[in-house]
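> no letters, just coordinates:
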């Protein structure tokens, strides 16, 4: 490199030097993530659409019930209870949407660019394969949970405003509405859940899908499902055990005891920071994710267009 | 001769046509014997009477003469006679049909002359392999340094100094022109956005369009605008004009030379349309199956290689000077020589510098012959 081109790599121990260096490392990552959102508009369109559909459904329902709310205060209390359960439904819907989007996004992320040959263009720019793969991983791990959180929060506020307007129009007190809204009580806990479970706990899943999409000669969906099926099948036939299946179940749903009994309390407790981060399974999962990602980076480097 | 016969014409007619073609191509020269009836019949599994009938046609046309006890020989003057007759026949019988077909299909001259797509893509792959290794797109054995960097391990750093257009069709179809500018500006420290916008302003590409809505020529222009706004030391273009129409190809190289090229930059171009590059090249390198078969400067090419349209009466004399390649164009013999004194060639006919395409064919065919000799 010649002299004019080195302000970035020049050793400089001043604060600006560090800042500049961090920004040169982060800039490609930042633009790569933006690029993913440009390319995959469904990543925000789908949650927005889900929120809008949910909101309009609830609104139609509320407007229909307007008269009866005004007529009876008991009924108004019932509606308040109904609304608070609606918030949980919305949060669940958003999480499911984000999970499905993540799976389809990861499967196509490194496969699509090979199929349409645009990988040749991306590789002609000074963005390393590591940056490219990390930017793609950050979509399911970071961007989608945050987007889902933001959209859910916004939808819940809108629902609150609409229902308040309807209640106020019917002359019913709205304080109950605002005290029961889960969005106001536990948004931070919920955000924490998204980051830990959807980000960290599911990371091996996303990393596996990315690896498959970097490698698959065609039909990444099939290649992603085939190995788990084969392993489960062989294990069952050869040893008549199902450790691998249990392992997958545990990864997806949490442990069996949590599902079989009414252990919501246990489940929440297991998410408490000191439980969650001291769980060796979390760290094993992250190590596995790191291995998959490393392989995906290597794979992206050597794979050309198909 | 080809062993396949078609069913539209009697075989003796086809045999006659093939002998005529061989005489026209110079494979059979005047005074040469024709292969005996028996051999042809055995080789092509034909009835000897069929072969004889075909030969008789040639005798009747006064192209071939029978010498009792010796066989059939191509008559002196057969070639000229043939050329006259065949040209007439072609112009009267075949050409009108072909013209009608060309008009029906709406082909232009350009498409007619490049009608060898299949062959091209086959060899595109070879030159691309070397380039891809240089660009860090595929692994390689041994050591390779581009501008002091290992392309396989440091592709991202290398790409600050190197630009490439791998193919005209690799810009992602979903991207908007403005997004492409944003992205390259975001990740490339040496991208000059204003310059790229300047190039685009000269075209009819609007910033809000998506690549999938642009024509092929516009996509190439966009890609070129992006690349030319990068202050890179090495620019690699792999078949940059494949599939573009001739107007745009010319414009492409003009803007490349006028707006981009200066003495401190290197441009590597691979192309099959060498003739459009000939006047801008400084060095020439021919590679055959990974081996360099010719490497010299363009000045050297001009002083070394000469092509002579030989006067008909001097063909034999010219052949003694060991031409590296011989071809026939409209009945005239054109010979190519390597390192033969210009003065001597001037006496034989019209001398000029061969164009690169012909030189390429000559060098590659010689190479193939040498390789075959080695194999035997």
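Noted; the coordinates are in hand. These figures come from a predicted structure and were not determined experimentally.

> hey, let's count contacts and neighbours off CA atoms from now on
Fine.

> could you report the neighbour count for residue 165?
Defaulting to chain A. Neighbour count of residue A:165, defined by other Cα atoms under 10 Å in any protein chain shown: 14.

> wait, chain B was what I had in mind.
In terms of burial, residue B:165 registers 22 neighbours under the definition other Cα under 10 Å.

> tell me the contacts of it?
A:121, A:124, B:223, B:224, B:227, B:236, B:237, B:238, B:240 (Cα atoms under 8 Å, 6 or more residues apart in numbering or on different chains).

> among those residues, which are in helices?
Those of the contacts of residue B:165 mapping onto helices are A:121, B:223, B:224, B:227, per DSSP state H.

> for the last one, which non-adjacent residue is spatially closest?
Pointing back at residue B:227 there. Among residues not flanking residue B:227 along the chain, residue B:163 sits closest, at 6.5 Å (Cα to Cα, 6 or more residues apart in numbering or on different chains).

> so after the helix or strand containing that neighbour, what's the next helix or strand?
When secondary structure is defined using DSSP states H and E, the element that contains residue B:163 is strand B:162-165. As assigned by DSSP H and E, the chain's next helix or strand after strand B:162-165 is helix B:177-187.

> ok, which pair from the ones in helices among the contacts of residue B:165 is furthest apart?
Spanning the widest gap among the ones in helices among the contacts of residue B:165 are A:121 and B:224, at 12.0 Å by Cα to Cα.

> give the rounded mean pLDDT of the longest helix that chain A contains.
Secondary structure of chain A per DSSP H: the longest helix is helix A:73-115. What helix A:73-115 shows for mean pLDDT is 85.

> tell me which other helices or strands it touches.
helix A:42-71, helix A:129-138, helix A:144-169, helix A:175-180, helix A:182-185, helix A:203-215, helix A:220-239 (3 or more Cα pairs under 8 Å, 6 or more residues apart in numbering or on different chains; DSSP states H and E).

> so is the longest one next to chain B?
No - counting by Cα under 8 Å from any Cα of the partner chain, chain B is not contacted by helix A:42-71; separation bottoms out at 12.9 Å.

> return the set of buried residues in stretch A:278-285.
Residues A:282, A:285 are the ones in stretch A:278-285 that count as buried (16 or more other Cα atoms under 10 Å in any protein chain shown).

> now it, how far from the centre of its chain.
A distance of 19 Å separates the centroid of the chain from that of stretch A:278-285, by Cα atoms, centre = their mean, to the nearest Å.

> before we move on, what about stretch B:137-148?
Its chain's average C-alpha position is 29 Å from that of stretch B:137-148, according to Cα atoms, centre = their mean.

> mind listing residues that contact it?
Among residues not part of stretch B:137-148, those counted as contacts by Cα under 8 Å, 6+ apart are A:123, A:301-304, B:129, B:132-134, B:150-152, B:158.

> ok, now with 7 Å
Contacts made with stretch B:137-148 from outside it, assessed by Cα atoms under 7 Å, 6 or more residues apart in numbering or on different chains, are listed as A:302, B:132, B:133, B:134, B:150, B:151, B:152.

> in that stretch, what counts as buried?
Counting neighbours by 16+ other Cα under 10 Å, one finds that the buried residues in stretch B:137-148 are B:137, B:138, B:139, B:146.

> repeat for stretch B:172-179
B:172, B:173, B:175, B:176, B:177, B:179.

> any idea which of the residues you listed is closest to residue A:28?
Of all the buried residues of stretch B:172-179, residue A:28 sits closest to residue B:179, with 14.2 Å by Cα to Cα.

> so where's the stretch 101-250 of chain B uncertain?
Low-confidence segments of the stretch 101-250 of chain B, defined by pLDDT under 70, are located at B:104-127, B:167-168, B:242-244.

> tell me which parts of it are close to chain A?
Within the stretch 101-250 of chain B, the positions adjacent to chain A are B:137-139, B:156-157, B:159-160, B:163-164, B:166, B:170-172, B:174-175, B:183, B:186-188 by Cα under 7 Å from any Cα of the partner chain.

> can I see the domain layout of chain B?
Each structural domain of chain B that the record assigns through automatic domain parsing is listed here as a residue range: B:11-104, B:124-280, B:295-375.

> out of those domains, which is the most enclosed?
For those, average neighbour numbers computed from mean count of other Cα atoms under 10 Å in any protein chain shown are highest in domain B:124-280, which has a mean of 17.

> bridged to the residue nearest to residue B:227, which residues?
Per DSSP bridges, the residues bridged to residue B:163 are residue B:235.

> show me what contacts residue A:297?
A:129, A:130, A:133.

> pick the one among those residues closest to chain B.
Relative to chain B, the closest of the contacts of residue A:297 is residue A:129; by Cα to the nearest Cα it sits at 7.9 Å.

> I'd say that closest one and residue A:301 touch.
Yes - between residue A:129 and residue A:301 a contact is recorded at 6.3 Å, counting by Cα atoms under 7 Å.

> per-residue confidence at residue 5, what does it come out as?
Just going to use chain A. In the prediction, the pLDDT value recorded for residue A:5 is 42.

> sorry, I should have been clearer: chain B.
Predicted confidence (pLDDT) at residue B:5: the value is 75.

> so what's it up against?
Applying Cα under 7 Å, 6+ apart, one finds that residue B:5 lies in contact with residue B:11.

> and it, that one's in a strand?
No - going by DSSP: H, G, I helix; E, B strand; the rest coil, the assignment for residue B:5 is coil, not a strand.

> next, work out how far apart it and residue B:48 are.
Using Cα to Cα, to the nearest Å, residue B:5 is found at 16 Å from residue B:48.

> again, but for residue B:81
To residue B:48, residue B:81 is 27 Å away according to Cα to Cα.

> and residue A:100, by the same measure?
Between residue A:100 and residue B:48 the computed distance is 76 Å (Cα to Cα).

> again with residue A:253
In this view, residue A:253 and residue B:48 are 84 Å apart by Cα to Cα.

> surely residue B:267 forms part of a strand?
Yes - assessed with three-state DSSP, residue B:267 lies in a strand.

> residues in contact with it?
Going by Cα under 7 Å, 6+ apart, residue B:267 touches B:234, B:235, B:236.

> dump those into CSV; add distance to residue A:283 as well.
Listed next are those as CSV, based on distance: Cα to Cα, whole Å:
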residue, distance to residue A:283
B:234, 45
B:235, 45
B:236, 45
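
> tell me how far stretch B:266-283 is from the chain's mean position?
Taking the mean C-alpha point of stretch B:266-283 and that of its whole chain, the gap between them comes to 13 Å (Cα atoms, centre = their mean).

> now stretch A:30-47
What separates the centre of stretch A:30-47 from the centre of its chain is 13 Å, taken as Cα atoms, centre = their mean.

> so which residues of the stretch 1-150 of chain B form helices?
Across the stretch 1-150 of chain B, reading from the start of the chain, the helices by DSSP state H, counting those that start in this stretch fall at B:11-25, B:37-44, B:48-60, B:78-89, B:95-105, B:109-113, B:117-134.

> helices or strands next to the first one in the packing?
Judged by 3 or more Cα pairs under 7 Å, 6 or more residues apart in numbering or on different chains; DSSP states H and E, helix B:11-25 is in contact with helix B:48-60.

> and if you look at the third one?
For helix B:48-60, the helices and strands in contact under the criterion 3+ Cα pairs under 7 Å, 6+ apart are helix B:11-25, helix B:37-44.

> export the contacts of stretch B:137-148 to JSON lines and tack on distance to residue B:271?
Shown next, in JSON lines, are the contacts of stretch B:137-148 (distance: Cα to Cα, whole Å):
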{"residue": "A:302", "distance to residue B:271": "25"}
{"residue": "B:132", "distance to residue B:271": "15"}
{"residue": "B:133", "distance to residue B:271": "18"}
{"residue": "B:134", "distance to residue B:271": "17"}
{"residue": "B:150", "distance to residue B:271": "26"}
{"residue": "B:151", "distance to residue B:271": "23"}
{"residue": "B:152", "distance to residue B:271": "24"}
